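> Structure here, sequence nowhere to be found:
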């Protein structure tokens, strides 16, 4: 049995999106010839919501090593707030110790806390252990370079240059690349041509059926307070300025419906839950201000506070229909797509026309997935709402082969196949 050491700064009970691939893969690694161990940051150093139910899918015999991190209260003063930078030294010490005393065939970085990946270069050079990096998001990106300063993230000048420097170091010796979309890999290969000869694979997140079973049997509450005379449509997840175009499309359409078919308009309530990454009680609303511009804020409810993963599942399972909105960044795909599809609830999806999410939605046979600038988009959204109100649309059935293809088990199989390629190519 080959051994893989997984580097994931966030791990259960921390409710962070970028650890979900690892969590959903762990039950299947041994099935495909790999014994996994995880090195993570002690959860007390994370600001994310904690969810102990996440442990229910983690194999009982999994070895989990925890490292410390410098306290955010003082590292923030010098601009080092990310958990990757705060834990970098402690990762260096702990993994050095593990590599000195245990044989590992591969190191797997699966995280969006990318600065920690720079250690792969060092560990490969010192211990000759190959490493794979999983790009769930871009690391170094020029996306904000042409944006006005007020639209750029805080400390952008520093983070842009740091990411550029660290990414180049991490790519020097990387043995394999995984990404959720092809463009992430092609962009990396364009910047570092030697990576064309490195094993790579486009592997999306997977649909993980056990999660819905856990959410169903748990006593946790939904965050939707339904009214008997309203149809509840839910979106759970962060909404930032980068998603504004999808919101504009939706609320512009709702404004038109309000003016032309008020009974249809008044039949629906739209719930946006957990829209900010900010600490509880401090998040700024990003949905309601856009809804107010179109005069439809009377049918929109927004809660900025994040909720746990299983609270999110329970919430979408108790809605009458679901909404997914995408970013205006063409490369964006939504990891939440798969739990939404697993519910078989009526689903309206609005994405950038170039989003790779459309490939998945098309294979599943999702009927109401549109680009936010699609021709006659108002008519399409109107039809979706009318079909729900009339009772014609209460459940969506999806292609069985697509469900198998995008299962967490099959996605894990593909990860392991790439791991095998990497160690064979060394």
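In hand now; what should we look at? Since the structure is predicted, the reported quantities are computational estimates derived from the model, not experimental observations.
> Please count neighbours and contacts with C-alpha atoms only from this point.
Will do.
> for residue 88, what are its contacts?
69, 115, 116 (Cα atoms under 8 Å, 6 or more residues apart in numbering).
> Closest to residue 82 out of these?
residue 115 (9.0 Å; Cα to Cα).
> Got the confidence number for the nearest residue to the closest one once chain neighbours are set aside?
Distances taken as Cα to Cα, 6 or more residues apart in numbering place residue 84 nearest to residue 115, at 5.7 Å, with adjacent residues excluded. Per-residue confidence (pLDDT) for residue 84: 92.
> Same question for residue 351.
93.
> returning to what we had before: closest to residue 167 among the contacts of residue 88?
Among the contacts of residue 88, and counting by Cα to Cα, the member closest to residue 167 is residue 115, at 7.6 Å.
> Give me the phi and psi angles of that closest one.
The phi and psi values for residue 115, taken as degrees, to the nearest 10, are phi -50, psi -30.
> Assess the claim that it and residue 168 are in contact.
No. If you go by Cα atoms under 8 Å, residue 115 and residue 168 don't touch, sitting 10.9 Å apart.
> of these two, who's got more company?
Neighbours per residue (other Cα atoms under 10 Å) separate residue 115 from residue 168, with residue 115 holding more: 22 against 15.
> Distance of the more buried one relative to residue 107?
Noted for residue 115: a distance of 15 Å to residue 107, by Cα to Cα, to the nearest Å.
> how deep is residue 312 tucked in, by neighbour count?
24.
> and it, that one's in a helix?
Yes. Counting by DSSP: H, G, I helix; E, B strand; the rest coil, residue 312 is located in a helix.
> Does it touch residue 236 like I think?
Yes. Distance between residue 312 and residue 236: 6.3 Å, which falls inside the contact criterion (Cα under 8 Å).
> to the chain's geometric centre, what's the distance from the host helix or strand of residue 378?
Residue 378 is located in helix 377-389, with elements delineated by DSSP states H and E. Mean-position distance between helix 377-389 and its chain equals 28 Å (Cα atoms, centre = their mean, to the nearest Å).
> With stretch 236-244 instead?
Centroid displacement of stretch 236-244 relative to its chain, using Cα atoms, centre = their mean, is 12 Å.
> Can you pull out the residues in contact with it?
272-277, 286-287, 290, 306, 312, 315-316, 325-329.
> Filter those residues down to the buried ones.
Among those, those scoring as buried are 272-277, 286-287, 290, 306, 312, 315-316, 325-328 (criterion: 16 or more other Cα atoms under 10 Å).
> Narrow those to those in strands?
Among those, the members found in strands (DSSP state E) are 272, 273, 325.
> State the next helix or strand along the chain beyond whichever strand in the chain runs longest.
In the chain, with assignment by DSSP E, the single longest strand is strand 34-41. The helix or strand immediately downstream of strand 34-41 is strand 63-67, counting by DSSP H and E.
> who does that following strand pair up with?
strand 34-41 (parallel) (DSSP bridges).
> starting at the chain centroid, how far to the partner strand?
Distance of strand 34-41 from its chain centroid, counting by Cα atoms, centre = their mean, is 20 Å.
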